[in-house]
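S.K.: Sequence plus the predicted model coming up.
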Amino acid sequence: ARQAALATWTGPGATADGHPVPLLANIGGPAEIDAALAAGAEGIGLYRTEFLFLDRAEPPSIEEQERAYRAALDAFPGGRVVVRTLDGGADKPLRFLPTPAEQNPALGERGLRLFRRAPEVMDVQLRALATVAVPELQVMAPMVATAEEATWFARECADKGLLDVGVMIEIPAAALRAADVISQVDFVSVGTNDLSQYAFAADRGLGAVSGLHDPWQPGLLDLVALVAEAASRAGKPCGVCGEAAADAALACVLAGLGASTLSMAPSALAGVRAGLAAHTLEQCRTAAQAARAQPSAADARAAARVHLPGLA
Ligand code: PEP
Ligand code: MG
């Protein structure tokens, strides 16, 4: 009966002993705001803004951007909305900003790097965000490799009056030097999809190497732990917004590693909420330790499950 009650409960994310883990939604456009609300998301943990920019001969106007950002903020009063700046390039080429042919697009001029060549595009996006800025708004940059890049982004945001600024940690070097990166911003969010791609040198879209992309890989868990520990030492929030957060057992492990928020596809929220509510923070920590002590993804999953009864 308790399991059934937990499965239909839509309150805020928390462990069984009341440790809060806000549960947020990843969305890729305004059409998904309703799904996030219906699933009881406490906010948006990753607003992918590429939809505004793809397949266009000109970048969107500042007014169009303001409307899009305001719609998300209006939907979550008192919550939080993390808007990620344009993550163009690689698999998301921009018509208005063609990149010269690259042999390794995933390692090329993408994400924040693109803004070095086109600072006016970032300028307009940050000004649009500054116009709608309310306490709920958090702004973060994708594909940050170094503390120097974080510094540059944070300064650009501060110039526009944006006060709550973070970066994604999705490049292994940024995870290894998390303390330096975090010192430059207000929060970080781990993107496990790209972090896995780069840590295992395995294309995230290629079926032939998908085995390496198991988010239970102990090597990936170690990187997340490094970031969460650095964030905790700095007293700053560390979210996880990659697909790993959508697996209920792994979500418990991520909370046990020290993730302070979890963001996922709206359809995964109910399962993760129920999984967290059924286990204490101590169980999550023990499961995380047990998983990290294993030599393989399959062993890590099995070892964590011992401490997370009821979760597959
Ligand atoms: C990630 O890389 O984990 C992530 C959340 O961003 P995206 O999937 O949009 O690259
Ligand atoms: Mg990414």
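M.R.: All right, it came through fine. Residues are numbered from 1 along each chain as shown. Ligands and ions are numbered 1, 2, ... in the order given.

S.K.: All the strands of the stretch 201-312 of the chain, residue numbers only.
M.R.: Counting by DSSP state E, counting those that start in this stretch, the stretch 201-312 of the chain has strands at residues 238-240, 261-264.

S.K.: quick one: residue 14 from residue 280, how far?
M.R.: Separation of residue 14 from residue 280 (C-beta to C-beta, to the nearest Å): 10 Å. C-beta: built from backbone N, CA, C; applies to glycine.

S.K.: meant to ask about residue 181, not that
M.R.: From residue 181 to residue 280 the distance is 31 Å (C-beta to C-beta).

S.K.: Just want to know which of those two has more residues nearby.
M.R.: residue 181 (29 against 16; other C-beta atoms under 10 Å).

S.K.: Please name every helix or strand in contact with the host helix or strand of the more buried one.
M.R.: Using DSSP states H and E, residue 181 sits in helix 178-182. Using 3 or more C-beta pairs under 8 Å, 6 or more residues apart in numbering; DSSP states H and E, the elements in contact with helix 178-182 are helix 147-159, strand 165-169, strand 187-190, helix 218-234.

S.K.: Throw these into a markdown table and include mean neighbour count and mean pLDDT, thanks.
M.R.: Converted to a markdown table, these look like this (neighbours: other C-beta atoms under 10 Å; pLDDT from 0 to 100):
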| stretch | mean neighbour count | mean pLDDT |
| --- | --- | --- |
| helix 147-159 | 18 | 98 |
| strand 165-169 | 28 | 98 |
| strand 187-190 | 28 | 98 |
| helix 218-234 | 20 | 98 |
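
S.K.: Dump the ones you listed to TSV, plus distance to residue 106.
M.R.: Formatted as TSV, those follow (distance: least, C-beta to C-beta, whole Å):
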stretch	distance to residue 106
helix 147-159	17
strand 165-169	15
strand 187-190	18
helix 218-234	17
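
S.K.: pLDDT below threshold where in the stretch 1-150 of the chain?
M.R.: The model of the stretch 1-150 of the chain has pLDDT under 70 over residues 1-9.

S.K.: And residue 68, how far from ligand 2?
M.R.: Look at residue 68 and ligand 2: by C-beta to the ion, to the nearest Å, they are 20 Å apart.

S.K.: In three-state terms, label that residue for me.
M.R.: The local conformation at residue 68, judged by DSSP: H, G, I helix; E, B strand; the rest coil, is helix.

S.K.: so what's it up against?
M.R.: Residue 68 makes contacts with 30, 49, 52, 60, as judged by C-beta atoms under 8 Å, 6 or more residues apart in numbering.

S.K.: Considering those residues, which is situated nearest to ligand 2?
M.R.: Distance to ligand 2, by C-beta to the ion, is smallest for residue 49 among the contacts of residue 68, at 12.8 Å.

S.K.: Find the residue closest to whichever residue of the stretch 201-312 of the chain sits closest to ligand 1 in space, skipping its chain neighbours.
M.R.: Using C-beta to the nearest ligand atom, the single residue of the stretch 201-312 of the chain nearest to ligand 1 is residue 242, 3.1 Å away. With sequence-adjacent residues excluded and distances taken as C-beta to C-beta, 6 or more residues apart in numbering, residue 242 is closest to residue 192, at 2.8 Å.

S.K.: cool, residue 307 as well?
M.R.: residue 287 (4.0 Å).

S.K.: quick one: the most centrally placed residue in the chain from residue 265, how far?
M.R.: Centroid-nearest residue in the chain, with C-alpha atoms, centre = their mean: residue 241, separated by 2.4 Å. Counting by C-beta to C-beta, the gap from residue 241 to residue 265 is 11 Å.

S.K.: what's the overlap in contacts for these two?
M.R.: Residues touching both residue 241 and residue 265 (C-beta under 8 Å, 6+ apart): residue 26.

S.K.: Looking at the helices and strands packed on helix 178-182, spot the one closest to residue 97.
M.R.: Checking the helices and strands packed on helix 178-182 against residue 97 by C-beta to C-beta gives helix 147-159 as the closest, at 17.5 Å.

S.K.: now the closest one and strand 165-169, what's the angle there?
M.R.: Going by axes from the mean of the first three to the mean of the last three C-alpha atoms, to 10 degrees, helix 147-159 is angled at 150 degrees with respect to strand 165-169.

S.K.: Spell out which parts of the stretch 51-200 of the chain neighbour ligand 2.
M.R.: Contact residues (C-beta under 5 Å from the ion) of the stretch 51-200 of the chain with ligand 2: 170, 191, 194.

S.K.: can you list these in TSV and add distance to residue 40 and pLDDT?
M.R.: As requested, these are arranged in TSV below (distance: C-beta to C-beta, whole Å; pLDDT from 0 to 100):
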residue	distance to residue 40	pLDDT
170	27	98
191	23	98
194	27	97
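
S.K.: Thanks a lot, see you next time.
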